[in-house]
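>>> model the following, please.
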Amino acid sequence: GGARIPVSLVRGTIDGPVLALIAGTHGYEYPGITALQRLRQSIDPRTLRGTLILVHIANPPSFYGRTIYTSPADGKNLNRVFPGRPDGTLSERIAHEITTQVIAHADFLVDLHAGDGNEALRPYAYLPVTGDARLDAATRGMALAFGLDHIVIDTGRIVPAEATKFVDQTALARGIPAITTETGQLGLNDEHSITLAEHGIRNLMRHLGMLDGTVEPNRGVVWLEDYKVVMSPVNGVFRATVRDGYAVAEGGLLGELYDAFGAKVGDVRAPFAGIVNYVIGTPPAVEGQPLAMVSRIAAPPP
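Residues are numbered from 1 along each chain as shown. Prediction:
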């Protein structure tokens, strides 16, 4: 089987950078998708410097199948199979097309995510740190310009270009500054989350010189690091005891696990003191899948 990926190309009348904006890598994460629809309808090429590549729904099988994390076509997580393969499964072929037809042509890239259908999430951005001074300066500028007040410093994921897995790492491995943003939660398409994404994109475009106007400074960043995704040890029923954005102590209770009959089988605790980036807000717990993500509070990067 195949899939048709909706893409818009907006060329400004003035020279400038190529910015790729990718939404719907996970098909149940909607605010970025709606933000790109609004951007396409409102952007005026006569006032645009450079080019926008808008990937409106990167993962149509997951979007139309209403699935979290993985595609119903092949059971794969699109954001774990980059740069893809031209002769692979459907998710791998989608990744290959996005790598060769979108990422390879970009000067800057944003992968727009949200809390999936099961994730209660407080908005944040991932700031990749590569050790390359040029890339790191560019990505920091992008993350700050996007405007989200929690930024997770993300180290240790840079891998060879042929085995990048993630959208942002696929760009970075090719020398293209890239960030990943998270706005929205629990599969909702609420106005606040859409506006966060749309406002972040426009402020980033001003930062890159693609639009006129003053860049709004991000004055209240909480910097985070050493994030840890806590996985479920069993299949069962999860009852969260914290909310997204909560501060927790080391060993603090994140939630409780029960069996299908309601008998308690264990507690889920924070691996260290920090901030809850997201917590699973729906009952199903699946062995080996996330229950929460916790990050340590950090000093601003140099």
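>>> pull out the buried positions in the longest helix seen in the chain.
Using DSSP state H, we find that the single longest helix of the chain is helix 191-207. For helix 191-207, a neighbour-count test (16 or more other Cβ atoms under 10 Å) marks 193-194, 196-205, 207 as buried. Just so you know, the C-beta spots here come from the backbone N, C-alpha and C atoms, and that holds for glycine as well.
>>> average model confidence for that helix?
The average pLDDT for helix 191-207 rounds to 98.
>>> contact partners of that helix?
Under the contact criterion Cβ atoms under 8 Å, 6 or more residues apart in numbering, helix 191-207 has outside partners 19, 21, 31-32, 34-35, 38-39, 110, 112, 114, 123, 141-142, 145-148, 181, 183-185, 211-216.
>>> which of those are buried?
Burial by neighbour count, 16+ other Cβ under 10 Å: within the contacts of helix 191-207 this picks out 19, 21, 31-32, 34-35, 39, 110, 112, 114, 123, 141-142, 145-148, 181, 183-185, 211, 215.
>>> taking those residues one by one, which sit in strands?
Mapping these onto strands (DSSP state E) picks out 19, 21, 110, 112, 181.
>>> which of the residues you listed lies closest to residue 45?
For these, the residue nearest residue 45 by Cβ to Cβ is residue 19; the value is 13.6 Å.
>>> contacts made by stretch 40-47 with the rest, please.
Outside stretch 40-47, the residues that touch it by Cβ under 8 Å, 6+ apart are 8, 10, 11, 12, 13, 52, 54, 56, 211, 212.
>>> thinking again about what came up before, tabulate the buried residues of helix 191-207 (a markdown table), appending distance to residue 166.
Shown next, in a markdown table, are the buried residues of helix 191-207 (distance: Cβ to Cβ, whole Å):
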| residue | distance to residue 166 |
| --- | --- |
| 193 | 22 |
| 194 | 24 |
| 196 | 21 |
| 197 | 19 |
| 198 | 23 |
| 199 | 24 |
| 200 | 19 |
| 201 | 20 |
| 202 | 25 |
| 203 | 24 |
| 204 | 19 |
| 205 | 23 |
| 207 | 23 |
